[in-house]
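>>> sequence below, structure please.
(chains A and B)
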Protein chains: 2
Amino acid sequence: MPELRKDPIVGRWVIISTERSQRPTDLKKEEEAPKTDAKPKFCPFDYGNEHVTPAEVLAYRPGGGAPNTAGWTLRVVPNKFPALMIEGNLNRRGDGVYDMMNGVGAHEVIIESPDHNAQLSNLTETQFEDVLWSYRDRTMDLKKDKRFRYILIFKNHGFRAGASLEHSHSQLIALPIIPKAVIEELSGSKEYYDYKERCLYCDIVAQEIEDQKRIVMENEDFISICPFAPRFPFEMWILPKRHDAHFEDATKHEIQNLASLFQKTLKKLDRALGNPPYNFMLHSSPVVMPDLTYYHWHIELTPRITRLAGFERGSGFYINPTAPEISAQFLRETEI
Amino acid sequence: MPELRKDPIVGRWVIISTERSQRPTDLKKEEEAPKTDAKPKFCPFDYGNEHVTPAEVLAYRPGGGAPNTAGWTLRVVPNKFPALMIEGNLNRRGDGVYDMMNGVGAHEVIIESPDHNAQLSNLTETQFEDVLWSYRDRTMDLKKDKRFRYILIFKNHGFRAGASLEHSHSQLIALPIIPKAVIEELSGSKEYYDYKERCLYCDIVAQEIEDQKRIVMENEDFISICPFAPRFPFEMWILPKRHDAHFEDATKHEIQNLASLFQKTLKKLDRALGNPPYNFMLHSSPVVMPDLTYYHWHIELTPRITRLAGFERGSGFYINPTAPEISAQFLRETEI
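Here you go, the predicted structure:
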């Protein structure tokens, strides 16, 4: 059983993963990207290999068909090497100054397309919308499990961003704790709300639309921006114009507009920097929290194009060589 | 002039570096490690090249000699491509919801040895002690500048950890702000102190010595441990047994014992994992703060042996495949 452990100083929870356990000797081999010409013989996410993955928890089959067979356009399955285990209770406990609990949670994989070579940026509009609908469908289902406080949806694109299979997929982790990055956002935006009686994110959206200089794209419901104090070159945020704490409250119209803007933003990134590795995280309000006046869901998109994260990851201190006004202008001018 | 910008949501300050400015087109080229057989023709940190670096701010010359000439055993120079500028005032200002100030600060390079191929782990005892003395000497000097609130000392070892020159060196950045990671430690340990009236770090030292299972090394004044909730495989902390908030208060005896334990810990890491890239950060109390009862200086050492930092860096959420009890045992058993 994996274990969730809390750093007593800064309060950060860490998963000590047993399923993915690596002996020290395994770590000696420095990880290298697989050769690009080495075509994998077998992909568990391709049509016909449905029996190789754990049984699906969701699939879209416009033409019908039995579960765990070909014919799907999108498929969600439990991760075969989950960081957390779905069965069991939390058993919160201590050991002197330390706190821990069982690593209970869900770890799912969203296979975004049956096409082995498809990428998010070149899916059809409907396919991209379906990816977002699957995020929502899985969130709504997992919300029912009272052990979970947070549902984290993210994607690792490219080897250097942590992807271990090249077939395009996103991931979902349902957690019995709220990740530190979200706690910090909740607490910072609450402080602002307590002082101003306004949502900080709403104020950012208004100021960015007024300023224009950090805007990458805008449509009726969303903006994508290079944020004012980005940690990484070409970091981008996608923000809904309408205040809402929960992603899963988005309307059909908003999902369509998000799909459109999100995909075009990814296309611009691809074109501008030559298909760089990236990660994105969907930051929504904790499922256990009601509609918050001070929190505003959003997506953070961080390309991995510099090595700078080495020192920064341990200090919380970032040096960014590219001003967001420059990267936003470059992306605005990138034709897609 | 570089700019310090504050993320209004989580309060994280970021340096937008103009001296290191990269146009978007520069970022397209994925950074690759230099070929190991390509011996650099010229190293600015070698003897005889003292005129190539900015003028030294400190040098140890046991045999005497003029500044900025050969004959030194350790040399500290301003970074030629500084993230922050030493001249100027902060000029704190705002722009709507955003806050910023001029990027004023010191950015220095500690050249640990004149030997181009030396590494921290194979310096002589005296050389290693001198590295620590230079950290202290520069801290004492920069403390006098009232613009600075924090002095951050760190090292990037190996290309993948962010080192851009192979000649062994550490870095020092004096900042007009306190890095977020340190603020979090201060606030977490203060909360514990307010509740328990004991220093959390002192309690950790006591519990780890009692438990033994996460201890890597111990001597009269220091321990090195794999912490209870490590973010990364083989993450280690070095903690002084005597409570003190400021590194620069260490006694001569303690500096000697730190040098001895620190170097042996690095040697164990080298042997155990085959000279992996790593970063270390010296976390001391902000220079503007008096002796704190609740904060305890220490060193955090994080090897870079997994790709996991991709997603984690944006979420504050870590999955670690190696339990610290396993890595500590492995390191204890590694002969040096």
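
>>> what segments of the stretch 151-300 of chain A are strands?
A:169-175, A:215-218, A:222-225, A:236-240, A:278-283, A:298-303 (DSSP state E, counting those that start in this stretch).

>>> the third one - what's its average pLDDT?
The pLDDT scores in strand A:222-225 average 98.

>>> which residue is nearest the centroid of chain A?
residue A:154 (1.7 Å; C-alpha atoms, centre = their mean).

>>> double-check that residue against residue A:278; I have them as touching.
No. Here residue A:154 lies out of contact with residue A:278, judged by C-beta atoms under 8 Å, at a distance of 10.8 Å. Placement of C-beta: from N, CA and C, glycine included.

>>> okay, and the common contacts of those two?
Overlap of the contact sets of residue A:154 and residue A:278 (by C-beta atoms under 8 Å, 6 or more residues apart in numbering or on different chains) is empty.

>>> phi, psi for residue A:59 please.
When read as degrees, to the nearest 10, the backbone of residue A:59 gives phi -150, psi 150.

>>> measure it to residue A:106 for me?
According to C-beta to C-beta, to the nearest Å, residue A:59 and residue A:106 sit 17 Å apart.

>>> switch the strands of the stretch 151-300 of chain A over to JSON lines; also include distance to residue B:336 and mean neighbour count.
Shown next, in JSON lines, are those (distance: least, C-beta to C-beta, whole Å; neighbours: other C-beta atoms under 10 Å in any protein chain shown):
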{"stretch": "strand A:169-175", "distance to residue B:336": "39", "mean neighbour count": "23"}
{"stretch": "strand A:215-218", "distance to residue B:336": "52", "mean neighbour count": "20"}
{"stretch": "strand A:222-225", "distance to residue B:336": "51", "mean neighbour count": "25"}
{"stretch": "strand A:236-240", "distance to residue B:336": "46", "mean neighbour count": "23"}
{"stretch": "strand A:278-283", "distance to residue B:336": "37", "mean neighbour count": "24"}
{"stretch": "strand A:298-303", "distance to residue B:336": "38", "mean neighbour count": "23"}
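
>>> returning to what we had before: okay, and the beta partners of the residue nearest to the residue nearest to the centre of chain A when sequence neighbours are not counted?
In space, and not counting its chain neighbours, residue A:154 is closest to residue A:281: 4.6 Å by C-beta to C-beta, 6 or more residues apart in numbering or on different chains. Residue A:281 forms beta bridges with residue A:154, residue A:300, as assigned by DSSP bridges.

>>> list the contacts of residue A:75.
Residue A:75 neighbours (C-beta under 8 Å, 6+ apart): A:45, A:50, A:56, A:58, A:59, A:60, A:110, A:111, A:114.

>>> surely the third one is in contact with residue A:70?
No. Contact criterion C-beta under 8 Å: residue A:56 and residue A:70 do not qualify, at 11.9 Å.

>>> mind showing which ranges of chain A have poor pLDDT?
Within chain A, the segments meeting pLDDT under 70 span A:19-40, A:307-311, A:313-314.

>>> ok, 50 please
A:30 (pLDDT under 50).

>>> show me where it has helices.
A:24-27, A:125-142, A:180-196, A:200-211, A:252-273, A:309-315, A:324-333 (DSSP state H).

>>> which strands and helices lie in contact with the longest one?
The helices and strands touching helix A:252-273, judged by 3 or more C-beta pairs under 8 Å, 6 or more residues apart in numbering or on different chains; DSSP states H and E, are helix A:125-142, strand A:215-218, strand A:222-225, strand A:236-240, strand A:298-303, helix A:324-333, helix B:24-27.

>>> again, but for the second one
In terms of contact count using 3+ C-beta pairs under 8 Å, 6+ apart, helix A:125-142 is assigned the packing partners strand A:58-60, strand A:74-78, strand A:106-111, strand A:150-157, strand A:169-175, helix A:252-273.

>>> contacting residues around the nearest residue to residue A:255 once chain neighbours are set aside?
With sequence-adjacent residues excluded and distances taken as C-beta to C-beta, 6+ apart, residue A:255 is closest to residue A:132, at 5.2 Å. For residue A:132, the contact set (C-beta under 8 Å, 6+ apart) comprises A:255, A:258, A:259, A:262.

>>> would you turn those into TSV with neighbour count?
TSV is the format used below for the contacts of residue A:132 (neighbours: other C-beta atoms under 10 Å in any protein chain shown):
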residue	neighbour count
A:255	19
A:258	21
A:259	21
A:262	23
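
>>> now tabulate these in JSON lines and tack on distance to residue B:5.
Formatted as JSON lines, these follow (distance: C-beta to C-beta, whole Å):
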{"residue": "A:255", "distance to residue B:5": "32"}
{"residue": "A:258", "distance to residue B:5": "27"}
{"residue": "A:259", "distance to residue B:5": "31"}
{"residue": "A:262", "distance to residue B:5": "25"}
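
>>> chain B: which of those is nearest?
Nearest to chain B out of the contacts of residue A:132 is residue A:262 (C-beta to the nearest C-beta; 16.1 Å).

>>> these two touch, right, that closest one and residue A:125?
No. Using C-beta under 8 Å, residue A:262 makes no contact with residue A:125, being 11.0 Å away.

>>> ok so, going back, dump the helices and strands packed on helix A:125-142 to JSON lines, plus distance to residue B:292.
Formatted as JSON lines, the helices and strands packed on helix A:125-142 follow (distance: least, C-beta to C-beta, whole Å):
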{"stretch": "strand A:58-60", "distance to residue B:292": "52"}
{"stretch": "strand A:74-78", "distance to residue B:292": "47"}
{"stretch": "strand A:106-111", "distance to residue B:292": "40"}
{"stretch": "strand A:150-157", "distance to residue B:292": "33"}
{"stretch": "strand A:169-175", "distance to residue B:292": "33"}
{"stretch": "helix A:252-273", "distance to residue B:292": "44"}
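
>>> which one of these lies nearest to residue A:14?
Nearest of the helices and strands packed on helix A:125-142 to residue A:14, taken as C-beta to C-beta: strand A:169-175 at 11.8 Å.

>>> what strands line up against that closest one, and which way round?
Sheet pairing for strand A:169-175, using DSSP bridges, gives strand A:106-111 (antiparallel), strand A:150-157 (antiparallel).

>>> distance to residue A:77 for the ones you listed - can I get that in JSON lines?
Formatted as JSON lines, the strands paired with strand A:169-175 follow (distance: least, C-beta to C-beta, whole Å):
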{"stretch": "strand A:106-111", "distance to residue A:77": "6"}
{"stretch": "strand A:150-157", "distance to residue A:77": "15"}
